[in-house]
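In: sequence and predicted structure are below.
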Amino acid sequence: MPPQPILFCSHVVEWGGAETVLADLLGALDRSRFAPHLACPAAGPLPDRARALGVPVHALSLRGGSAFTKLCSLPRAARELRHIAREIGAPLVYANSMIAGYAAVLAQGPQLACLLHLHIVTQSRVARFALRRARAVITPSRAGALAVDARMAASKRLTIVPNGVAEAFFTARSTGLREALGLPPGTGLVGMFGRLDPHKGHEVLLRAMARLPDSAHAVIVGGEAFADSLARVRGYPERLRAVAAQGGLEPRVHFLGHRDDIAALMSQCDVVAVPSTALESAPRAVAEAQAAGRAVVGSRIGGIPELIEPGVTGLLCAPGDEHELAESIGSLLADEALRRRLGTAARAHAERHYTLAQFARTVEVTCARVLAEAARGS
């Protein structure tokens, strides 16, 4: 039997957590069972990665920008999805972003089912309405599931699938970062990884660094993304540098920008901070740091407490509380034995829950179930 075509779609083509999840999934799918196609805006890092993986890319006229612009693009995008699905023989549209999900729900019909992968903790009534109309929903945490609909969360239509982590994070054992930064061996190093967005809590980390000894340094890895659609991120990199300068932190905080060697950099940090200040379903940085065997300090918000068992696989602190964040980071930097214990337990946890193979196989089971139900007309 030939592999079953599935049409994946996204309105976002820049690198964010959701787009990395999708790219990893496209690379890990069992091609003997499923033939992935991707519908998205034609130019950007995501379609480039898909093409490199041998995944056919189909242009989709979904647009970012204002809510009005997005709304106006949905009917045409829905028609395009139906046309592409019909052309490639795909009975399933797998939407990887909420805007793509709206278009996929509009495109859904007797011959085309919609599966929506929800990467956020949504508080939008419109989003919840669309999610209830989808044939099935995947979310990486209970926090994401409960935000959708308590009744749906208890049904088979909603499946919690933890994000997978690329093998590189499990295997990276690199050196040279401290030397490249001009730091002596053994310098305490805190890492923060992910796109530059106020919701991620970079400013909380900077305020916490001001409370730590001068021997502690931090690397902030990530670039500006979604500036065309999210007003809050415009100018944010410059604002962070200004905050660092005002606090006299410039010698101790190193902005590395967008990097493709995240696993190698993360493996050289003593502590990884995930100080989110807004609801997040399952930040990839937590699972990646655990796979790398790093001690993690995360905010007690959204789905993060589901990923970190305090005192076992990491530490939790109140969102926005630089005092508690500094205390947690300081305790880890001062206690190598504690760091090693937390890192070892975190790595074992990641091996049980976050391998890319586990993630892909679970998604495949969900896709197969949706396809079977659609074929039965149930």
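Out: Alright, I've got the coordinates. Numbering: from 1, shown residues only.

In: do you know how far Pro310 is from Leu316?
Out: Computed as CB to CB, to the nearest Å, the Pro310 to Leu316 distance reads 5 Å. Where C-beta positions appear, they are placed from N, C-alpha and C, glycine not excepted.

In: more neighbours, these two?
Out: A side-by-side neighbour count of Pro310 and Leu316, using other CB atoms under 10 Å, places Leu316 first with 21 against 14.

In: who does the more buried one form a beta bridge with?
Out: Gly298 (DSSP bridges).

In: for it, give its distance to Gly176.
Out: Distance from Leu316 to Gly176, by CB to CB: 31 Å.

In: ditto for Ala242
Out: Distance from Ala242 to Gly176, by CB to CB: 29 Å.

In: then Ala375?
Out: Applying CB to CB to Ala375 and Gly176 gives a distance of 54 Å.

In: with Pro110 instead?
Out: Taking CB to CB, one finds Pro110 at 57 Å from Gly176.

In: cool, Ala318 as well?
Out: Here Ala318 is placed at a distance of 35 Å from Gly176 (CB to CB).

In: neighbour-wise, which of those two wins?
Out: For Ala318 versus Gly176, the count of surrounding residues by other CB under 10 Å is larger for Ala318: 13 against 10.

In: ok, now which ones touch the more buried one?
Out: The contact partners of Ala318, by CB atoms under 8 Å, 6 or more residues apart in numbering, come to Ser299, Arg300, Glu324.

In: again, only this time at 10 Å
Out: The contact partners of Ala318, by CB atoms under 10 Å, 6 or more residues apart in numbering, come to Pro275, Ser299, Arg300, Ile301, Glu324, Leu325.

In: again, but for Gln123
Out: So Gln123 contacts Ala147, Leu279 (CB under 10 Å, 6+ apart).

In: can you tell me how far it is from Ser281?
Out: Taken as CB to CB, the span from Gln123 to Ser281 is 12 Å.

In: who touches both of these two?
Out: Ala147.

In: ends of stretch 192-208, how far apart?
Out: 13 Å (CA to CA, to the nearest Å).

In: just how off-centre is that stretch within its chain?
Out: 15 Å (CA atoms, centre = their mean, to the nearest Å).

In: repeat for stretch 351-361
Out: Using CA atoms, centre = their mean, the offset of stretch 351-361 from its chain centre is 15 Å.

In: what's it in contact with?
Out: 21, 24-30, 34, 140, 161-170, 282, 284, 286-288, 290-291, 307.

In: now stretch 355-375: buried residues?
Out: Residues of stretch 355-375 classed as buried by neighbour count (16 or more other CB atoms under 10 Å): 355-356, 358-364, 366-367, 369-371, 374.

In: stretch 258-278 too?
Out: Quick answer for stretch 258-278 (16+ other CB under 10 Å): 262-278.

In: look up how far His83 lies from the residue lying closest to Gly247 once chain neighbours are set aside.
Out: Spatial nearest neighbour of Gly247, chain neighbours left out: Ala210 (4.7 Å); criterion: CB to CB, 6 or more residues apart in numbering. The gap separating Ala210 from His83 is 55 Å, by CB to CB.

In: give me the more crowded residue out of these two.
Out: Ala210 (17 against 13).

In: okay, and the helix or strand of this protein with the least pLDDT?
Out: Lowest on mean pLDDT, DSSP states H and E among the helices and strands of the chain sits helix 150-153, with a mean of 61.

In: now the following helix or strand past it: how far from the chain's centre is it?
Out: Note on helix 150-153: by DSSP states H and E, the next helix or strand toward the C-terminus is strand 158-160. Relative to its chain's centre, strand 158-160 lies at 17 Å (CA atoms, centre = their mean).

In: and if you look at stretch 136-145?
Out: Distance, centroid of stretch 136-145 to centroid of chain: 13 Å (CA atoms, centre = their mean).

In: report the buried residues of it.
Out: Buried-residue list, stretch 136-145, by 16+ other CB under 10 Å: Ala136, Val137, Ile138, Thr139, Pro140, Ser141, Ala143, Gly144, Ala145.

In: isn't the fifth one right up against Leu25?
Out: Spelled out, that is Pro140. No - in this structure, Pro140 is not within contact of Leu25 by CB atoms under 10 Å, at 12.0 Å.

In: list the residues that contact both of these two?
Out: The contact lists of Pro140 and Leu25 share His117, Asn163, Gly164, Phe359, where a contact means CB under 10 Å, 6+ apart.

In: of those residues, closest to Ala334?
Out: Closest approach between the shared contacts of Pro140 and Leu25 and Ala334, by CB to CB: Asn163, at 31.2 Å.

In: just the buried residues from the contacts of stretch 351-361, in PyMOL please.
Out: Only the buried entries of the contacts of stretch 351-361 go into this PyMOL selection, using 16+ other CB under 10 Å:
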select buried, resi 21+24+25+26+27+28+29+34+140+161+162+163+164+165+166+168+169+170+282+284+286+287+288+290+291+307
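
In: which of the contacts of stretch 351-361 fall within helices?
Out: Among the contacts of stretch 351-361, the residues falling in helices (DSSP state H) are 21, 24-28, 167-170, 284, 286-288, 290-291, 307.

In: any idea where the strands of this protein begin and end?
Out: 4-9, 34-40, 57-59, 92-95, 113-117, 136-139, 158-160, 188-193, 216-221, 253-257, 271-274, 295-299, 315-317 (DSSP state E).

In: tell me the buried residues in the longest one?
Out: This points to strand 34-40. Phe34, Ala35, Pro36, His37, Leu38, Ala39, Cys40.

In: in TSV, list these along with distance to Ser215.
Out: Output for the buried residues of strand 34-40, formatted as TSV (distance: CB to CB, whole Å):
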residue	distance to Ser215
Phe34	51
Ala35	54
Pro36	48
His37	52
Leu38	47
Ala39	51
Cys40	46
